[in-house]
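>>> Below are the sequence and a predicted model; questions follow.
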Amino acid sequence: MDRRSFLKKSALLTISGPLASCATNPVTGEKDLILLSEDEETELGRNSHKQVMKSYSPYNHPELIKYITMLGEKLAEISHRSDLIYHFTLLDSPQVNAFAIPGGYIYITRGMLAYLKSEAELAGVLGHELGHITAKHGVKQYSKSQVANILGTVFGIVVGDRNIANLGRLASTAIIRGYGREAELEADRVGAEYIAKVGYDPDALQDVIGVLKNQEEFDKVLAEEENRDPYAYHGVFATHPDNDKRLQGVIKAAKANLSEVKLEDNEKKYLELIEGIPFGPGEGQGSARGSSFYHTDLDFTLKFPDGWKIENLPTAVLGTSADREVLIELTMRDLNRKISAKELMSRLYGDNLENGREIKVSEYQGYAATVEMDTTFGSAHKCRVAILYKNKKEAFQFIATTKKGSEYRKYILAFDDTIESLRKLKPSEKHLGEPKRIHIHKVKMGETFQSLAKKTAFTTHAENRLRVINNKFPSGQPKAGSLVKLVY
């Protein structure tokens, strides 16, 4: 028997043992199909954590991190798996998300923090994610995946390194989709139980789900206007929690576990802690203000056509028309050769540069032309391309096009106007490139979300955006003397 045949045989024998074994679920007390020992689960978590942190950066806010960790550990101490060491990570992401992976790794984004209003609600989020770990949802999902794909993953398991198989899939599923509706409901039940046991009102968890559902509903309106798919937090119900009898049942059941020591929701303390955190893109990423984009670190500003949506992406600034059928993309390009902008354009796109010309925009020298290239709208699309040298090592690159080729010429002037608006920041504009931030405001008599909206940096739907982040959507109003979150 050759080595390859032996490995195939021994791999199948290795699998046959765990496939036949079950383990007691710490939460339910029932037997579950589990392919991993606890040591293998923690190793899976360590490796999955590395994958997560390749896609995210931690948010540097020591006081908030300490606060989240302290609160999470308080809940972990009374959990069904208090022997685990839990790791709580605050991610520098505007996404509204929280998720957990096996082995005790829990993540929450600063984007999620912006939608919460109290310590009790934060405890509800952390309790829910703890529930995923203590009920072993990730491990069960991993085990089912291994069974379903046993033949396809056998070679990944040959050397006993089971945690390699489906590693990326496990982390990405937890981030994007969660662990399925039944697992999410169980995590709600367990999370509500945990926060009740330490002394918080479990209704706080229902409030969290409510504000996240409102955010999802509001985004459906925006998505229809912007001709895109709506975003959705992976743990949100199909129906609003006010109408979800199953959720209301688990919240009610959790109240039987209420601690004799009642804890305040600590709204003021929580809001003071999130004062000043970025809302949307973070430090050093630039900021959209009205129809203009400002970037302090790169020292430039740019004006898009009025009424366009500006998306500040990790590697580009994208301006799109209201119907998303016309776009202008700006990226930064490293320069590797001492050649002119025209020569660089020829190297990138060949010699078929229509209507090419040297251009000077502010202090930047470059070249612009019409080029046919493949885009998100299809192949061989006519695009307005411009490269402007920022300095000897980097350049601004614009690519602008239309979904309908027949409308390209109609927008050339708008494309050129946007390109020619590029310039350095004035000293008085430097602050405009800083992130929009959360600011806490005490409501005065007579103030409404309509009047408060004028104080914000929101350029569209400002009133409803305020309602959503303050859990007053779709028609609520702030009470005089209460604290609300503004963004500017």
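Looks like it came in fine.

>>> For the nearest residue to residue 410 once chain neighbours are set aside, give me its contacts.
Spatial nearest neighbour of residue 410, excluding adjacent residues (CB to CB, 6 or more residues apart in numbering): residue 402 at 7.7 Å. No exception for glycine: its C-beta is placed from N, CA and C like everyone else's. Residues in contact with residue 402 (CB atoms under 8 Å, 6 or more residues apart in numbering) are 325, 326, 377, 408, 410, 411.

>>> cool, residue 301 as well?
By CB under 8 Å, 6+ apart, residue 301 lies in contact with 292, 293, 294, 295, 421, 422, 423, 424, 425, 429, 432, 433.

>>> change it to 6 Å
By CB atoms under 6 Å, 6 or more residues apart in numbering, the contact list for residue 301 reads 292, 294, 425.

>>> what secondary structure does residue 229 sit in?
Secondary structure assignment for residue 229 (DSSP: H, G, I helix; E, B strand; the rest coil): coil.

>>> Mind jotting down where the helices sit in the stretch 51-200 of the chain?
Secondary structure of the stretch 51-200 of the chain by DSSP state H, counting those that start in this stretch: the helices cover 62-77, 110-113, 119-134, 137-148, 150-157, 167-176, 181-198.

>>> which stretch in these is the model least sure about?
Across those, helix 150-157 has the smallest mean pLDDT, namely a mean of 38.

>>> any idea how far residue 106 is from the nearest residue to residue 204 once chain neighbours are set aside?
In this structure, residue 204 finds its nearest non-sequential neighbour in residue 120, 3.7 Å apart by CB to CB, 6+ apart. According to CB to CB, to the nearest Å, residue 120 stands 17 Å off from residue 106.

>>> What about the residue nearest to residue 204, how many residues nearby?
Residues contacting residue 120 under the criterion other CB atoms under 10 Å number 25.

>>> my guess is it meets residue 198, correct?
No: using CB atoms under 6 Å, residue 120 is not in contact with residue 198, being 10.1 Å away.

>>> And residue 194, how far from residue 235?
Applying CB to CB, the value for residue 194 to residue 235 is 16 Å.

>>> Those two: which has the busier surroundings?
residue 194 (29 against 24).

>>> got a list of what that one touches?
Residue 194 neighbours (CB under 6 Å, 6+ apart): 75, 127.

>>> Quick check: the gap between it and residue 125.
Distance, residue 194 to residue 125, by CB to CB: 11 Å.

>>> before we move on, what about residue 39?
Distance of residue 39 to residue 125, given as CB to CB: 28 Å.

>>> Looking at the two, which is more packed in?
residue 125 (27 against 9).

>>> The more buried one touches residue 98, doesn't it?
Yes: here residue 125 reaches residue 98: they are 5.1 Å apart, a contact under CB under 6 Å.

>>> before we move on, back to that, just the buried ones from the contacts of residue 301?
Buried by 16 or more other CB atoms under 10 Å: 294, 425, out of those.

>>> Including pLDDT, secondary structure and distance to residue 479, could the contacts of residue 301 go into JSON lines?
Formatted as JSON lines, those follow (pLDDT from 0 to 100; DSSP: H, G, I helix; E, B strand; the rest coil; distance: CB to CB, whole Å):
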{"residue": "292", "pLDDT": "97", "secondary structure": "strand", "distance to residue 479": "35"}
{"residue": "294", "pLDDT": "98", "secondary structure": "strand", "distance to residue 479": "35"}
{"residue": "425", "pLDDT": "97", "secondary structure": "coil", "distance to residue 479": "40"}
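
>>> tell me the SS of the closest residue to residue 124 other than its chain neighbours?
Taking CB to CB, 6+ apart as the measure, residue 124 lies nearest to residue 205, with 3.6 Å between them; neighbours along the chain are not counted. Three-state call for residue 205 (three-state DSSP): helix.

>>> Find the nearest non-adjacent residue to residue 45, please.
Leaving aside its sequence neighbours, residue 45 sits nearest to residue 103 (CB to CB, 6+ apart; 2.1 Å).

>>> Quick one: residues contacting the one you found.
Shown in contact with residue 103 (CB under 6 Å, 6+ apart): 41, 42, 45.

>>> Which one of those is nearest to residue 111?
Lowest distance from residue 111 to the contacts of residue 103 (CB to CB) belongs to residue 45, with 23.1 Å.

>>> Just to check, the closest one is in contact with residue 107?
No: counting by CB under 6 Å, residue 45 does not reach residue 107; the two are 11.6 Å apart.

>>> Pull the distance from stretch 260-277 to the chain's centre.
How far stretch 260-277 lies from its chain's middle: 23 Å, per CA atoms, centre = their mean, to the nearest Å.

>>> can you tell me the average pLDDT over that stretch?
Model confidence over stretch 260-277, given as mean pLDDT, is 96.

>>> Span of it from start to end?
Distance between the two ends of stretch 260-277: 35 Å, counting by CA to CA, to the nearest Å.

>>> Fine by me, we can end here.
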